[in-house]
Every structure is written in structure tokens, then in C-alpha cells.
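> Next comes the sequence, and after it the predicted model I'd like to discuss.
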Amino acid sequence: MLKLTFEQEMKLYNTITYTGLAIITVWILLKMFGIINTPIILIYLPYLIGILTIFTHMHGIAKSFWALQHDVAYLKDHAVKTDQKFEKIDQRLDSIEKKLKL
């Protein structure tokens, strides 16, 4: 395997970077002058993918919201039942206190 010095690596990285930038610049110029024509599907494909991504995430958020509503309803129901049980315990405790005082 070829061992490169730091300077050689930097020259290689710079060459690759500037070659890529040159290719992109030429592509943009050719696109501006109409030499390269992009099919309409490729122009609107990113928008379609973005909309589908948002839709799938919205569906997940809605499912989470529905699950949260169900959990809150469950907690409210059980809070009422717990209050009723505490009332019964308070009544029993009151009756025991009355018996002990007599």
C-alpha cells in the first residue's frame, strides 16, 4: 500500500475537490443554456418524496396522539375509581375511630 505524506494527501484531496466543483460548474452552465434537459419527473420527484415523508410522519404523530388520548381516558377512569376506594377507606376508618372512642 502506498504511504502518502500529509502534503501529498492534501494535494490529492484538493484535486478531487476542485475537479468535483469544476464538473458541477460545467453541469450548471450546460443546464442554464438548455443543453442538458432534465425529465419533468426528476424535477418534481424531490417534492413528491418530501410530501410523502411528511404524510408518513403525520400519520405516526396522529397515532401517538390517539394513544395518548386513550391513556389519559384510562387514567381519568382509574383516578375516579381510586377516589371511590379512598372514600370507602375513609368511611371505614371513621367507623373504627368511633368504635375506639366509645
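It's in.
> So which residues of this protein form helices?
Defined through DSSP state H, the helices belonging to the chain, from first to last, are 6-32, 40-101.
> can I get those in CSV with mean neighbour count and mean pLDDT?
Heads up, the C-betas are built off the backbone N, CA and C, glycines and all. Converted to CSV, the helices of the chain look like this (neighbours: other C-beta atoms under 10 Å; pLDDT from 0 to 100):
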stretch, mean neighbour count, mean pLDDT
helix 6-32, 10, 91
helix 40-101, 10, 90
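> Report the residue ranges of every domain in the protein.
For the chain, whose domains are defined here by automatic domain parsing, the residue ranges read 1-37, 39-102.
> how far does the longest one sit from the chain's center?
This points to domain 39-102. With C-alpha atoms, centre = their mean, to the nearest Å as the basis, domain 39-102 stands 20 Å off its chain's centre.
> and residue 36, what are its phi and psi?
For residue 36, the backbone dihedrals (degrees, to the nearest 10) come out as phi -100, psi 120.
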